[in-house]
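K.L.:
got a sequence here, can you model it:
(one chain, ligands or ions: 2)
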Amino acid sequence: MEPKLQVALDNTSLRDALEAIRKIGHVIDVIEVGTILHVAEGLEPVRCLRALYPEKIILADIKGADAGSLLAKQCYGAGATWMTVICCAEIPTMTGMLNVAKEFGEDQDVQIELYGDWTWEQAGKWKEAGLKQVVYHRSRDAQAAGKSWGKDDLDKIGKLCDMGFEVTVTGGLTIEDIKLFKDYPIYCFIAGRSIRDAACPESAAKAFKAEIKKYWS
Ligand code: 5RP
Ligand code: MG
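P.N.:
Residues are numbered from 1 along each chain as shown. Ligands and ions are numbered 1, 2, ... in the order given. Predicted structure coming up:
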């Protein structure tokens, strides 16, 4: 299956996020309300984007760590299709979100954001608990410190795919990076700055879609 393209709206105001999505909403598959935008504007961006894009997958990237069911009621109640939980959260936090997701509908789901140290033992427990989606993430700060994609990342992505997870990849992705992952059944690519900050965001989003199609169709 061809990987989806998700665009992260890590804007610092709702106005800027709406300005950004206006140019690319018709090209992309998943709209992400980025953590940075959530901090700036709470869940209002989710409500506005749901009103504007009733059919799209909308992800609330809150990177929740505790109080799973309470957070989930708010995210899904605002109109999110997916929400994120940080990988160091405890299993009951994750299942709390997942149970609320199921109450809201078949499409609702939880993505585990993989940051820092996590273990294969934890990954096995996520699977057992019914979590399907993981986001393999190179953090903004690691990227800024010079970390590039390497064999170690690809091996871990391959192993997560083999375990049966739907694996999303993100973290300063450029079009040139996409081919690095061509041997894996990637579920979704998330790009933020490479698309939002491009001279023509619409062309950049279309170029990402074309590059994905080149290797997965
Ligand atoms: C950072 C994030 C970002 O949304 C994600 O990394 C995509 O943005 P970019 O392509 O600009 O790195 O969750 O924590
Ligand atoms: Mg994000």
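
K.L.:
restricting to C-alpha, output the helix or strand hosting residue 74 in CSV.
P.N.:
Assigned by DSSP states H and E, residue 74 belongs to helix 68-78. Provided in CSV are the C-alpha atoms of helix 68-78 (Å, rounded to 0.1, in the frame of the first residue of the first chain):
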residue,chain,number,x,y,z
GLY,A,68,-5.1,8.8,28.8
SER,A,69,-8.8,8.5,28.7
LEU,A,70,-9.4,12.1,29.8
LEU,A,71,-7.1,13.4,27.1
ALA,A,72,-8.6,11.1,24.5
LYS,A,73,-12.2,12.3,25.3
GLN,A,74,-11.0,15.8,24.6
CYS,A,75,-9.0,15.1,21.5
TYR,A,76,-11.6,12.9,19.8
GLY,A,77,-14.4,15.1,21.1
ALA,A,78,-12.8,18.0,19.3
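
K.L.:
where does pLDDT dip in the protein?
P.N.:
Applying pLDDT under 70 to the chain picks out no residues at all.

K.L.:
could you give the number of residues near the residue in it that ligand 2 sits nearest to?
P.N.:
Of the residues in the chain, the one nearest ligand 2 is residue 61, at a distance of 3.8 Å by Cβ to the ion. Where you see a C-beta, it was placed from the backbone N, CA and C, and this is true even at glycine. Here the number of neighbours of residue 61 (other Cβ atoms under 10 Å) works out to 27.

K.L.:
need the residues that contact the helix or strand following the helix holding residue 74.
P.N.:
Sequence-wise, the next helix or strand downstream of helix 68-78 (DSSP H and E) is strand 82-86. Outside of strand 82-86, the residues within contact range by Cβ atoms under 8 Å, 6 or more residues apart in numbering are 30, 57-65, 68, 71-72, 75-76, 93-94, 97, 101, 108-113, 115, 133, 135.

K.L.:
in the helix or strand following strand 82-86, which residues are buried?
P.N.:
Beyond strand 82-86 in the direction of the C-terminus, DSSP H and E gives the next helix or strand as helix 91-104. By 16 or more other Cβ atoms under 10 Å, the buried positions in helix 91-104 come out as 93, 94, 95, 96, 97, 98, 100, 101, 104.

K.L.:
I'd like those residues as JSON lines, with distance to residue 53 appended.
P.N.:
Below are the buried residues of helix 91-104 laid out as JSON lines (distance: Cβ to Cβ, whole Å):
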{"residue": "93", "distance to residue 53": "28"}
{"residue": "94", "distance to residue 53": "27"}
{"residue": "95", "distance to residue 53": "29"}
{"residue": "96", "distance to residue 53": "27"}
{"residue": "97", "distance to residue 53": "22"}
{"residue": "98", "distance to residue 53": "24"}
{"residue": "100", "distance to residue 53": "22"}
{"residue": "101", "distance to residue 53": "19"}
{"residue": "104", "distance to residue 53": "17"}
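
K.L.:
within reach of ligand 2, which of the residues you listed are there?
P.N.:
Checked against ligand 2 using Cβ under 5 Å from the ion, the buried residues of helix 91-104 give no members in range.

K.L.:
ok, back up a step: show me which of the contacts of strand 82-86 are buried.
P.N.:
Buried members of the contacts of strand 82-86, counted by 16+ other Cβ under 10 Å: 30, 57-64, 68, 71-72, 75-76, 93-94, 97, 101, 108-113, 115, 133, 135.
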